[in-house]
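Asks: The sequence isn't on hand, but the structure is:
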(Lines give C-alpha, C1' and ligand atoms only; values in the text may rest on other atoms or scores of the structure.)
Protein backbone atom coordinates (compact mmCIF):
# COMPACT_ATOMS: atom_id res chain seq x y z
CA UNK A 1 0.00 0.00 0.00
CA UNK A 2 1.17 3.54 -0.58
CA UNK A 3 2.57 5.64 2.22
CA UNK A 4 -0.31 8.08 1.87
CA UNK A 5 -2.73 5.40 3.05
CA UNK A 6 -0.48 3.74 5.66
CA UNK A 7 -2.50 2.55 8.63
CA UNK A 8 -1.72 4.27 11.92
CA UNK A 9 -1.79 2.07 15.02
CA UNK A 10 -2.54 3.54 18.43
CA UNK A 11 0.10 5.55 20.25
CA UNK A 12 3.09 3.41 21.38
CA UNK A 13 2.64 4.82 24.88
CA UNK A 14 -0.32 2.44 25.33
CA UNK A 15 1.34 -0.64 23.86
CA UNK A 16 1.38 -2.81 27.04
CA UNK A 17 0.26 -6.33 26.14
CA UNK A 18 -0.89 -5.25 22.71
CA UNK A 19 -0.90 -8.19 20.28
CA UNK A 20 1.51 -8.78 17.42
CA UNK A 21 0.83 -11.35 14.70
CA UNK A 22 3.88 -13.27 13.48
CA UNK A 23 3.16 -15.33 10.35
CA UNK A 24 5.46 -18.16 9.25
CA UNK A 25 3.46 -20.71 7.30
CA UNK A 26 5.92 -23.39 6.16
CA UNK A 27 7.88 -26.04 8.04
CA UNK A 28 7.44 -27.38 11.56
CA UNK A 29 6.90 -24.29 13.72
CA UNK A 30 6.90 -25.33 17.38
CA UNK A 31 8.01 -24.17 20.81
CA UNK A 32 10.85 -26.68 20.47
CA UNK A 33 11.15 -26.97 16.68
CA UNK A 34 12.56 -30.19 15.21
CA UNK A 35 15.51 -28.45 13.56
CA UNK A 36 16.68 -30.28 10.47
CA UNK A 37 13.18 -31.43 9.55
CA UNK A 38 12.10 -30.31 6.05
CA UNK A 39 11.91 -26.52 5.75
CA UNK A 40 12.66 -26.18 9.47
CA UNK A 41 15.83 -24.29 10.33
CA UNK A 42 17.09 -20.83 11.13
CA UNK A 43 13.91 -19.04 10.10
CA UNK A 44 11.81 -20.98 12.62
CA UNK A 45 14.34 -20.19 15.36
CA UNK A 46 14.24 -16.53 14.27
CA UNK A 47 10.45 -16.34 14.59
CA UNK A 48 10.29 -18.14 17.95
CA UNK A 49 13.12 -16.18 19.57
CA UNK A 50 12.00 -12.79 18.24
CA UNK A 51 8.48 -13.49 19.50
CA UNK A 52 9.73 -14.38 22.98
CA UNK A 53 11.79 -11.20 23.14
CA UNK A 54 8.85 -9.05 22.01
CA UNK A 55 6.83 -10.66 24.80
CA UNK A 56 9.52 -9.64 27.30
CA UNK A 57 9.12 -6.09 26.03
CA UNK A 58 5.44 -6.05 26.93
CA UNK A 59 3.52 -7.59 24.02
CA UNK A 60 1.40 -10.65 23.42
CA UNK A 61 2.53 -12.50 20.31
CA UNK A 62 0.56 -15.00 18.24
CA UNK A 63 2.66 -17.04 15.81
CA UNK A 64 0.42 -18.08 12.93
CA UNK A 65 1.48 -21.14 10.95
CA UNK A 66 0.09 -24.08 9.00
CA UNK A 67 -1.41 -27.10 10.76
CA UNK A 68 -0.52 -30.57 9.40
CA UNK A 69 0.64 -34.00 10.64
CA UNK A 70 -2.13 -33.90 13.29
CA UNK A 71 -0.43 -31.09 15.18
CA UNK A 72 -2.42 -29.36 17.95
CA UNK A 73 -4.37 -26.24 16.98
CA UNK A 74 -2.50 -24.13 19.54
CA UNK A 75 0.73 -24.43 21.50
CA UNK A 76 1.96 -22.23 24.32
CA UNK A 77 5.58 -21.11 23.92
CA UNK A 78 5.56 -19.03 27.10
CA UNK A 79 3.12 -16.85 29.04
CA UNK A 80 2.65 -14.33 26.25
CA UNK A 81 3.58 -16.27 23.09
CA UNK A 82 1.17 -18.75 21.49
CA UNK A 83 1.46 -20.72 18.25
CA UNK A 84 -1.80 -20.70 16.26
CA UNK A 85 -2.04 -23.48 13.65
CA UNK A 86 -4.48 -23.23 10.75
CA UNK A 87 -4.98 -26.04 8.20
CA UNK A 88 -4.92 -25.74 4.43
CA UNK A 89 -4.37 -28.11 1.52
CA UNK A 90 -4.22 -31.39 3.42
CA UNK A 91 -2.86 -32.97 6.57
CA UNK A 92 0.43 -33.70 4.79
CA UNK A 93 3.66 -31.70 4.73
CA UNK A 94 3.81 -29.30 1.76
CA UNK A 95 7.23 -27.95 0.63
CA UNK A 96 7.66 -24.19 0.84
CA UNK A 97 8.13 -23.94 -2.93
CA UNK A 98 4.57 -25.28 -3.43
CA UNK A 99 2.72 -23.90 -0.41
CA UNK A 100 1.75 -20.61 -2.09
CA UNK A 101 -1.00 -22.46 -3.98
CA UNK A 102 -2.79 -23.13 -0.68
CA UNK A 103 -2.32 -19.73 0.94
CA UNK A 104 -5.78 -18.35 -0.03
CA UNK A 105 -7.41 -21.24 1.86
CA UNK A 106 -5.08 -20.67 4.81
CA UNK A 107 -6.00 -16.97 4.94
CA UNK A 108 -9.72 -17.74 4.88
CA UNK A 109 -9.33 -20.18 7.78
CA UNK A 110 -7.10 -17.79 9.75
CA UNK A 111 -9.54 -14.89 9.34
CA UNK A 112 -12.32 -17.12 10.62
CA UNK A 113 -10.33 -17.84 13.81
CA UNK A 114 -9.38 -14.17 14.27
CA UNK A 115 -13.02 -13.10 13.97
CA UNK A 116 -14.28 -15.87 16.27
CA UNK A 117 -11.77 -14.95 18.99
CA UNK A 118 -12.14 -11.16 18.43
CA UNK A 119 -8.36 -10.76 18.06
CA UNK A 120 -6.90 -7.32 17.34
CA UNK A 121 -3.27 -6.76 16.28
CA UNK A 122 -0.87 -3.82 16.48
CA UNK A 123 0.96 -5.05 13.37
CA UNK A 124 1.74 -8.16 11.33
CA UNK A 125 5.28 -9.40 10.69
CA UNK A 126 5.39 -12.13 8.02
CA UNK A 127 8.37 -14.34 7.21
CA UNK A 128 9.30 -15.68 3.74
CA UNK A 129 7.22 -15.08 0.65
CA UNK A 130 4.53 -17.70 1.28
CA UNK A 131 3.73 -16.12 4.65
CA UNK A 132 4.10 -12.70 3.05
CA UNK A 133 1.19 -13.47 0.72
CA UNK A 134 -0.85 -14.52 3.76
CA UNK A 135 0.18 -11.48 5.78
CA UNK A 136 -0.75 -9.04 3.03
CA UNK A 137 -4.17 -10.64 2.54
CA UNK A 138 -4.91 -10.41 6.27
CA UNK A 139 -3.55 -6.85 6.37
CA UNK A 140 -5.91 -5.85 3.56
CA UNK A 141 -8.88 -7.59 5.16
CA UNK A 142 -8.42 -6.18 8.66
CA UNK A 143 -6.61 -2.88 7.97
CA UNK A 144 -3.54 -3.93 10.01
CA UNK A 145 0.00 -2.66 9.25
CA UNK A 146 2.13 -5.35 7.60
CA UNK A 147 5.93 -5.66 7.81
CA UNK A 148 7.44 -8.40 5.67
CA UNK A 149 10.77 -10.16 6.34
CA UNK A 150 11.76 -12.12 3.18
CA UNK A 151 14.73 -14.00 4.76
CA UNK A 152 15.82 -14.87 1.21
CA UNK A 153 15.06 -13.41 -2.20
CA UNK A 154 13.97 -15.29 -5.30
CA UNK A 155 16.05 -13.10 -7.61
CA UNK A 156 19.24 -13.49 -5.58
CA UNK A 157 18.83 -17.22 -5.01
CA UNK A 158 18.11 -17.71 -8.73
CA UNK A 159 21.33 -15.92 -9.74
CA UNK A 160 23.46 -17.74 -7.20
CA UNK A 161 22.16 -21.20 -8.05
CA UNK A 162 22.22 -20.69 -11.82
CA UNK A 163 25.76 -19.31 -11.65
CA UNK A 164 26.82 -22.43 -9.74
CA UNK A 165 25.06 -24.83 -12.14
CA UNK A 166 24.33 -23.13 -15.50
CA UNK A 167 23.64 -26.52 -17.08
CA UNK A 168 20.70 -27.05 -14.67
CA UNK A 169 18.72 -23.83 -15.27
CA UNK A 170 15.55 -25.60 -16.42
CA UNK A 171 15.76 -28.13 -13.61
CA UNK A 172 16.23 -25.38 -11.02
CA UNK A 173 13.23 -23.46 -12.37
CA UNK A 174 11.07 -26.55 -12.10
CA UNK A 175 12.28 -27.30 -8.57
CA UNK A 176 12.17 -23.81 -7.06
CA UNK A 177 9.47 -21.99 -9.08
CA UNK A 178 11.71 -18.92 -9.39
CA UNK A 179 9.53 -17.10 -11.94
CA UNK A 180 6.36 -17.52 -9.88
CA UNK A 181 8.15 -16.60 -6.69
CA UNK A 182 9.73 -13.42 -8.07
CA UNK A 183 6.41 -12.26 -9.55
CA UNK A 184 4.70 -12.71 -6.18
CA UNK A 185 7.57 -10.97 -4.40
CA UNK A 186 7.37 -8.00 -6.77
CA UNK A 187 3.73 -7.40 -5.85
CA UNK A 188 4.20 -8.21 -2.16
CA UNK A 189 7.12 -5.81 -1.64
CA UNK A 190 5.15 -2.97 -3.23
CA UNK A 191 1.98 -3.59 -1.23
CA UNK A 192 3.32 -4.17 2.30
CA UNK A 193 4.09 -1.26 4.63
CA UNK A 194 7.78 -2.12 5.09
CA UNK A 195 10.29 -4.73 3.90
CA UNK A 196 12.77 -5.93 6.54
CA UNK A 197 16.11 -6.99 5.02
CA UNK A 198 18.48 -9.07 7.15
CA UNK A 199 21.76 -8.06 5.46
CA UNK A 200 23.04 -5.07 3.44
CA UNK A 201 23.28 -7.02 0.14
CA UNK A 202 19.70 -8.16 0.60
CA UNK A 203 18.63 -4.57 1.21
CA UNK A 204 20.40 -3.53 -2.00
CA UNK A 205 18.75 -6.29 -4.04
CA UNK A 206 15.28 -5.43 -2.72
CA UNK A 207 15.77 -1.92 -4.07
CA UNK A 208 17.58 -2.84 -7.31
CA UNK A 209 15.81 -6.05 -8.34
CA UNK A 210 12.31 -5.25 -7.12
CA UNK A 211 12.14 -1.46 -7.49
CA UNK A 212 11.26 -0.84 -3.84
CA UNK A 213 11.85 2.67 -2.50
CA UNK A 214 14.87 2.74 -0.12
CA UNK A 215 12.68 4.61 2.38
CA UNK A 216 10.48 1.51 2.61
CA UNK A 217 13.35 -0.90 3.41
CA UNK A 218 14.88 -1.37 6.88
CA UNK A 219 17.89 -3.58 7.58
CA UNK A 220 17.50 -5.61 10.80
CA UNK A 221 19.60 -8.79 11.21
CA UNK A 222 18.56 -12.03 12.93
CA UNK A 223 19.64 -12.55 16.51
CA UNK A 224 20.88 -15.41 18.66
CA UNK A 225 20.18 -16.64 22.20
CA UNK A 226 23.03 -15.29 24.31
CA UNK A 227 21.85 -17.38 27.25
CA UNK A 228 22.74 -20.55 25.33
CA UNK A 229 25.61 -19.61 23.05
CA UNK A 230 28.63 -18.17 24.86
CA UNK A 231 32.35 -19.03 25.26
CA UNK A 232 33.63 -21.37 27.96
CA UNK A 233 37.09 -21.86 29.46
CA UNK A 234 39.68 -23.91 27.61
CA UNK A 235 39.64 -26.47 30.43
CA UNK A 236 35.88 -26.92 30.03
CA UNK A 237 36.28 -27.15 26.26
CA UNK A 238 38.86 -29.91 26.61
CA UNK A 239 36.46 -31.72 28.90
CA UNK A 240 33.80 -31.57 26.18
CA UNK A 241 36.26 -32.90 23.63
CA UNK A 242 37.09 -35.83 25.89
CA UNK A 243 33.38 -36.60 26.36
CA UNK A 244 32.93 -36.56 22.56
CA UNK A 245 36.09 -38.62 21.96
CA UNK A 246 37.64 -35.84 19.86
CA UNK A 247 41.31 -36.28 19.06
CA UNK A 248 43.35 -33.93 16.93
CA UNK A 249 42.12 -30.77 15.17
CA UNK A 250 38.41 -30.76 14.30
CA UNK A 251 36.53 -28.73 11.71
CA UNK A 252 32.76 -28.74 12.21
CA UNK A 253 29.71 -27.77 10.19
CA UNK A 254 25.97 -28.25 10.57
CA UNK A 255 22.88 -27.70 8.45
CA UNK A 256 20.07 -29.13 6.37
CA UNK A 257 20.80 -31.67 3.66
CA UNK A 258 20.53 -29.20 0.78
CA UNK A 259 22.81 -28.55 -2.16
CA UNK A 260 23.06 -24.84 -1.50
CA UNK A 261 24.62 -25.57 1.93
CA UNK A 262 27.82 -26.53 0.10
CA UNK A 263 28.86 -29.58 2.11
CA UNK A 264 30.43 -31.02 -1.05
CA UNK A 265 32.55 -27.86 -1.31
CA UNK A 266 33.57 -28.32 2.32
CA UNK A 267 34.65 -31.92 1.74
CA UNK A 268 36.79 -30.84 -1.24
CA UNK A 269 38.36 -28.01 0.77
CA UNK A 270 39.00 -30.37 3.66
CA UNK A 271 40.94 -32.67 1.35
CA UNK A 272 43.54 -29.90 1.08
CA UNK A 273 43.62 -29.57 4.87
CA UNK A 274 43.90 -33.33 5.34
CA UNK A 275 46.94 -33.47 3.07
CA UNK A 276 48.77 -30.98 5.32
CA UNK A 277 47.50 -31.94 8.79
CA UNK A 278 47.42 -35.74 9.07
CA UNK A 279 45.27 -35.95 12.22
CA UNK A 280 42.67 -33.33 11.24
CA UNK A 281 39.04 -34.44 11.05
CA UNK A 282 35.84 -32.99 9.60
CA UNK A 283 32.56 -33.51 11.45
CA UNK A 284 29.30 -32.64 9.73
CA UNK A 285 25.96 -32.84 11.54
CA UNK A 286 23.37 -32.83 8.79
CA UNK A 287 19.65 -33.46 8.62
CA UNK A 288 18.89 -36.52 6.52
CA UNK A 289 15.58 -34.96 5.44
CA UNK A 290 15.03 -32.44 2.67
CA UNK A 291 11.91 -31.03 1.03
CA UNK A 292 13.81 -30.46 -2.23
CA UNK A 293 13.57 -33.45 -4.60
CA UNK A 294 16.90 -32.53 -6.15
CA UNK A 295 18.61 -33.05 -2.79
CA UNK A 296 17.56 -36.67 -2.33
CA UNK A 297 20.90 -38.05 -3.54
CA UNK A 298 23.07 -35.58 -1.64
CA UNK A 299 24.14 -37.95 1.13
CA UNK A 300 25.12 -40.64 -1.37
CA UNK A 301 27.06 -38.07 -3.38
CA UNK A 302 28.87 -36.83 -0.27
CA UNK A 303 29.91 -40.34 0.69
CA UNK A 304 31.12 -40.99 -2.86
CA UNK A 305 33.12 -37.76 -2.79
CA UNK A 306 34.65 -38.68 0.56
CA UNK A 307 35.70 -42.06 -0.81
CA UNK A 308 37.20 -40.50 -3.95
CA UNK A 309 39.48 -38.40 -1.75
CA UNK A 310 40.31 -41.32 0.56
CA UNK A 311 38.81 -39.54 3.58
CA UNK A 312 36.56 -42.27 4.93
CA UNK A 313 38.37 -42.24 8.31
CA UNK A 314 38.68 -38.46 8.41
CA UNK A 315 35.13 -37.22 7.66
CA UNK A 316 32.34 -38.11 10.08
CA UNK A 317 28.74 -37.40 9.01
CA UNK A 318 26.12 -37.64 11.73
CA UNK A 319 22.41 -36.85 11.92
CA UNK A 320 21.19 -33.44 13.03
CA UNK A 321 21.63 -32.66 16.72
CA UNK A 322 19.08 -32.05 19.47
CA UNK A 323 18.81 -28.35 20.18
CA UNK A 324 20.35 -28.66 23.63
CA UNK A 325 23.57 -30.14 22.16
CA UNK A 326 24.19 -27.42 19.59
CA UNK A 327 26.28 -25.08 21.74
CA UNK A 328 28.65 -27.85 22.85
CA UNK A 329 28.97 -29.07 19.25
CA UNK A 330 30.28 -25.62 18.31
CA UNK A 331 32.52 -25.27 21.37
CA UNK A 332 34.24 -28.63 20.96
CA UNK A 333 35.39 -27.82 17.42
CA UNK A 334 38.61 -25.99 16.60
CA UNK A 335 37.04 -24.33 13.54
CA UNK A 336 33.47 -23.94 12.33
CA UNK A 337 32.79 -23.64 8.59
CA UNK A 338 29.81 -22.00 6.88
CA UNK A 339 30.25 -23.45 3.40
CA UNK A 340 27.07 -22.33 1.63
CA UNK A 341 26.78 -21.55 -2.06
CA UNK A 342 23.97 -19.19 -1.11
CA UNK A 343 23.23 -18.01 2.42
CA UNK A 344 21.01 -15.00 3.17
CA UNK A 345 22.48 -14.73 6.67
CA UNK A 346 23.97 -17.79 8.37
CA UNK A 347 22.58 -18.38 11.86
CA UNK A 348 24.82 -21.38 12.53
CA UNK A 349 27.89 -19.19 11.99
CA UNK A 350 26.51 -16.58 14.40
CA UNK A 351 25.93 -19.27 17.03
CA UNK A 352 29.43 -20.69 16.50
CA UNK A 353 31.02 -17.25 16.80
CA UNK A 354 29.00 -16.55 19.95
CA UNK A 355 30.21 -19.85 21.41
CA UNK A 356 33.82 -18.75 20.95
CA UNK A 357 34.61 -21.02 18.00
CA UNK A 358 36.94 -19.63 15.30
CA UNK A 359 34.81 -19.44 12.17
CA UNK A 360 35.27 -19.39 8.40
CA UNK A 361 32.24 -17.98 6.55
CA UNK A 362 31.17 -17.79 2.93
CA UNK A 363 31.23 -14.52 0.99
CA UNK A 364 28.17 -15.77 -0.92
CA UNK A 365 25.91 -14.16 1.64
CA UNK A 366 25.70 -11.07 3.78
CA UNK A 367 27.11 -12.02 7.19
CA UNK A 368 30.77 -11.54 6.30
CA UNK A 369 30.23 -7.80 5.84
CA UNK A 370 29.62 -7.47 9.58
CA UNK A 371 33.01 -9.07 10.33
CA UNK A 372 36.60 -7.88 9.99
CA UNK A 373 38.80 -10.44 8.24
CA UNK A 374 41.41 -11.89 10.60
CA UNK A 375 39.83 -10.19 13.61
CA UNK A 376 36.32 -11.61 14.01
CA UNK A 377 36.45 -14.42 11.41
CA UNK A 378 37.98 -15.47 8.12
CA UNK A 379 35.83 -15.42 5.00
CA UNK A 380 36.18 -16.97 1.59
CA UNK A 381 34.47 -17.67 -1.71
CA UNK A 382 33.53 -21.27 -0.96
CA UNK A 383 33.30 -22.06 -4.69
CA UNK A 384 37.06 -21.40 -4.84
CA UNK A 385 38.15 -24.70 -3.29
CA UNK A 386 41.82 -23.77 -2.84
CA UNK A 387 41.00 -20.46 -1.18
CA UNK A 388 38.45 -22.17 1.06
CA UNK A 389 40.91 -24.90 2.02
CA UNK A 390 43.69 -22.42 2.76
CA UNK A 391 41.41 -20.42 5.10
CA UNK A 392 40.56 -23.59 7.01
CA UNK A 393 44.22 -24.62 7.06
CA UNK A 394 45.47 -21.28 8.36
CA UNK A 395 42.89 -21.23 11.14
CA UNK A 396 43.95 -24.69 12.29
CA UNK A 397 47.70 -24.04 12.01
CA UNK A 398 48.03 -20.78 13.90
CA UNK A 399 47.08 -20.82 17.55
CA UNK A 400 47.33 -17.04 17.98
CA UNK A 401 44.94 -16.53 15.08
CA UNK A 402 42.45 -18.97 16.61
CA UNK A 403 42.68 -17.24 19.98
CA UNK A 404 42.01 -13.82 18.42
CA UNK A 405 39.08 -15.08 16.34
CA UNK A 406 37.59 -16.86 19.34
CA UNK A 407 37.72 -13.79 21.58
CA UNK A 408 36.92 -11.03 19.12
CA UNK A 409 34.31 -13.02 17.21
CA UNK A 410 32.25 -13.72 20.32
CA UNK A 411 32.44 -10.07 21.40
CA UNK A 412 31.35 -8.90 17.95
CA UNK A 413 28.20 -10.99 17.73
CA UNK A 414 27.24 -10.28 21.33
CA UNK A 415 27.41 -6.55 20.59
CA UNK A 416 25.40 -6.75 17.37
CA UNK A 417 23.09 -9.75 17.36
CA UNK A 418 21.59 -10.35 20.82
CA UNK A 419 17.80 -10.75 20.54
CA UNK A 420 17.00 -7.88 22.90
CA UNK A 421 18.55 -5.37 20.50
CA UNK A 422 16.95 -7.00 17.44
CA UNK A 423 13.45 -6.82 18.93
CA UNK A 424 13.96 -3.18 19.86
CA UNK A 425 15.06 -2.40 16.31
CA UNK A 426 11.90 -4.00 14.93
CA UNK A 427 9.65 -1.98 17.24
CA UNK A 428 11.53 1.21 16.39
CA UNK A 429 11.08 0.43 12.69
CA UNK A 430 7.33 0.08 13.20
CA UNK A 431 7.10 3.36 15.05
CA UNK A 432 9.38 5.25 12.64
CA UNK A 433 7.54 4.02 9.58
CA UNK A 434 3.96 4.15 10.77
CA UNK A 435 4.10 7.27 12.93
CA UNK A 436 6.65 9.51 11.21
CA UNK A 437 7.12 7.80 7.81
CA UNK A 438 10.88 8.32 8.16
CA UNK A 439 13.44 5.59 7.47
CA UNK A 440 16.07 5.41 10.21
CA UNK A 441 19.77 4.83 9.44
CA UNK A 442 21.17 1.31 9.38
CA UNK A 443 22.82 1.46 12.79
CA UNK A 444 22.75 -0.56 15.95
CA UNK A 445 20.95 1.07 18.86
CA UNK A 446 24.26 2.15 20.40
CA UNK A 447 25.03 4.17 17.29
CA UNK A 448 27.83 1.86 16.15
CA UNK A 449 27.75 0.96 12.46
CA UNK A 450 26.39 -2.55 12.16
CA UNK A 451 27.96 -3.57 8.88
CA UNK A 452 31.13 -2.91 6.96
CA UNK A 453 29.98 -0.77 4.04
CA UNK A 454 33.31 -0.72 2.20
CA UNK A 455 33.21 -4.37 1.10
CA UNK A 456 31.24 -5.41 -1.96
CA UNK A 457 29.72 -8.86 -2.17
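Replies: Cool, the structure landed. This is a predicted model, so every value here is computed, not measured.
Asks: right, and residue 356 touches residue 234 too?
Replies: No: under the criterion of Cβ atoms under 8 Å, residue 356 is not in contact with residue 234, lying 9.6 Å apart. All C-beta atoms are positioned from the backbone trio N, CA, C, and that covers glycine.
Asks: The two - which one has more neighbours?
Replies: Using other Cβ atoms under 10 Å as the criterion, residue 356 and residue 234 rank with residue 356 on top: 23 against 11.
Asks: where along this structure do the strands fall?
Replies: Here the chain has its strands, by DSSP state E, at 19-23, 60-67, 74-78, 81-87, 123-127, 146-149, 194-197, 217-219, 250-255, 281-286, 315-318, 335-338, 359-362, 378-380.
Asks: need these in TSV with distance to residue 163, mean pLDDT and mean neighbour count, can you?
Replies: Converted to TSV, the strands of the chain look like this (distance: least, Cβ to Cβ, whole Å; pLDDT from 0 to 100; neighbours: other Cβ atoms under 10 Å):
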stretch	distance to residue 163	mean pLDDT	mean neighbour count
strand 19-23	32	97	24
strand 60-67	32	98	24
strand 74-78	39	96	14
strand 81-87	38	98	21
strand 123-127	26	97	26
strand 146-149	25	97	26
strand 194-197	21	95	25
strand 217-219	24	92	23
strand 250-255	20	96	25
strand 281-286	24	95	22
strand 315-318	27	94	16
strand 335-338	19	98	29
strand 359-362	14	97	28
strand 378-380	17	97	25
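Asks: Residue 201 contacts residue 370, correct?
Replies: No: in this structure residue 201 lies outside contact range of residue 370 using Cβ under 8 Å: 11.3 Å.
Asks: sorry, back to before: mind checking the strands of the chain for the one nearest to residue 159?
Replies: Closest of the strands of the chain to residue 159 is strand 359-362, at 15.1 Å (criterion: Cβ to Cβ).
Asks: Give the other helices and strands that the closest one contacts.
Replies: Where contact means 3 or more Cβ pairs under 8 Å, 6 or more residues apart in numbering; DSSP states H and E, strand 359-362 is packed against strand 335-338, helix 347-354, strand 378-380, helix 385-397.
Asks: Who does the nearest residue to residue 429 once chain neighbours are set aside form a beta bridge with?
Replies: Spatial nearest neighbour of residue 429, excluding adjacent residues (Cβ to Cβ, 6 or more residues apart in numbering): residue 218 at 4.5 Å. Bridge pairing for residue 218 (DSSP bridges) gives the partners residue 196.
Asks: about what we covered before: rebuild the strands of the chain as CSV, extending it with distance to residue 351.
Replies: CSV is the format used below for the strands of the chain (distance: least, Cβ to Cβ, whole Å):
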stretch, distance to residue 351
strand 19-23, 21
strand 60-67, 21
strand 74-78, 20
strand 81-87, 21
strand 123-127, 19
strand 146-149, 19
strand 194-197, 21
strand 217-219, 21
strand 250-255, 9
strand 281-286, 13
strand 315-318, 17
strand 335-338, 9
strand 359-362, 10
strand 378-380, 17
